[in-house]
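> below is the sequence, then the predicted model.
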Amino acid sequence: MTKKVLVVGEVRQGELRNVSFEAIAAAKQISDGGEVVGLLLGNVSDSLANSMIQYGADRVIIAKHTNLDSYTSDAYSQAIFQVLQEEEPDGLIVGHTSIGKDISPRIAAKLNSGLVSDAISLEVIGEQVIFTRPIYSGKAFEKKMVTDGLIMATIRPNNIQAFQKDETRSGEVTTLNVDIKDLRSIVKDVVRKATNGVDLSEAKIIVAGGRGVKSKDGFKPLEELANLLGGAVGASRGACDAHYCDYSLQIGQTGKVVTPDLYIACGISGAIQHIAGMSNAKVIVAINKDPEANIFSIADYGIVGDLFEVVPLLIEEFKSV
Ligand code: FAD
């Protein structure tokens, strides 16, 4: 039976995040030929709504209210709840981002519905939608389905293949003025930290440093390599705790979970809590001077050596191609 599936799109600094397009692809599979409805919240342009359509949504709703222009869990959950009541979809797919992780359990609790969080793939067997998600810090995978109510899931960025953009696709974009009240918090202003522009959780290439990088300055060659490859810089908690870099770069169990195509770990020992955040990277390269370091047990390519010698060699090599 065909289904109607709602996808919450996420906008960051004026752009839709890639995970929103990946969520559309997941929703399309679940809908089984039914309808995929995109949902954007706040002061977003029609062109963002149209790009959801070009990536596979059939139509898009823009929920408007001044209190939706910046994220608060209170305002977003009220708006999404109203759209769910109006549309009565069979499914709801959200990216497994900071916002998705915060909002989806609230919605599930409000609806008394199940939730599969952090799915990395899904299959549709008859009427059932079965999601696969990593457990035990990525050491095992479980298959899970929602047996009752809304089929609700968050999907991990960089795991489900988005469709190619099709500029010939068109669909209806409607605006819905939602009613938001009794807010416990209102965002007055957002001050962003300067970044190099590549979002760590969606980066295709990550050059990560650990305590072996030894200082803030030690991160400079890693930044140069990441820039050269069009990637982002990440870090272990060891490096963050030592104040070599900001905690926003931390990857792992208590940091960001990433799934890049290429992960270059420099001076990282490979503690289980770090591996939990990056073991699903498609290709892992480890540079460590200790041949016994645990990171080599999950690396596709290992370089036993001093990162301060190896990274400059890599930079030189990549510059020459
Ligand atoms: P170390 O373990 O000190 O490793 C440094 C490595 O650098 C060594 O292998 C060494 O051989 C190598 N090295 C040194 N000099 C060089 C050189 N010149 N060239 C090449 N290699 C060199 N950690 C995370 O990363 N992310 C998390 O989210 C996280 N969450 C945690 C949650 C909990 C509840 C707990 C208890 C811990 C958590 N940790 C996390 C910490 C984790 O257990 C490790 O302590 C941490 O990952 C170690 O960081 P590291 O690999 O950079 O440092």
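Alright, I've got the coordinates. Quantities reported herein were computed from a predicted structural model and do not represent experimental measurements. Residues are numbered from 1 along each chain as shown.

> which helix or strand lies directly C-terminal to the lowest-mean-pLDDT helix or strand in the chain?
Every helix and strand of the chain was ranked by mean pLDDT, DSSP states H and E. The lowest is strand 11-12, at a mean of 91. Counting by DSSP states H and E, the next helix or strand C-terminal to strand 11-12 is strand 15-16.

> now the strands: where do they sit in the stretch 201-321 of the chain?
Under the criterion DSSP state E, counting those that start in this stretch, the stretch 201-321 of the chain carries strands at the ranges 205-209, 232-235, 262-266, 283-288, 301-304.

> with mean neighbour count added, can I get these in CSV?
The way it works is simple: take the backbone N, C-alpha and C, and place the C-beta from them, glycine included. Supplementary listing: those in CSV, determined by neighbours: other Cβ atoms under 10 Å:
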stretch, mean neighbour count
strand 205-209, 28
strand 232-235, 28
strand 262-266, 28
strand 283-288, 22
strand 301-304, 16
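
> turn these into a markdown table, including mean pLDDT and distance to residue 174.
Below are the strands of the stretch 201-321 of the chain laid out as a markdown table (pLDDT from 0 to 100; distance: least, Cβ to Cβ, whole Å):
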| stretch | mean pLDDT | distance to residue 174 |
| --- | --- | --- |
| strand 205-209 | 98 | 38 |
| strand 232-235 | 96 | 36 |
| strand 262-266 | 98 | 41 |
| strand 283-288 | 98 | 43 |
| strand 301-304 | 98 | 50 |
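
> pull up the residues of the stretch 151-300 of the chain that are close to the ligand.
Selection of the stretch 151-300 of the chain residues close to the ligand by Cβ under 6 Å from any ligand atom yields 210-212, 236-239, 250, 252-255, 267-269, 271, 273-274, 277, 287-290, 293.

> let's see that with 5 Å instead.
Within the stretch 151-300 of the chain, the residues that sit near the ligand (Cβ under 5 Å from any ligand atom) are 210-212, 236-238, 252-255, 267-269, 271, 273-274, 288-290, 293.

> the residues you listed in helices, which ones?
With helices defined by DSSP state H, the entries of those inside them are 237-238, 273-274.

> filter those residues to the buried ones?
The neighbour count (16 or more other Cβ atoms under 10 Å) marks 237-238, 274 as buried among these.

> strands of the stretch 51-200 of the chain, start to end?
Using DSSP E, counting those that start in this stretch, strands in the stretch 51-200 of the chain cover 59-64, 91-95, 116-119, 121-125, 128-135, 140-144, 151-155, 172-177.
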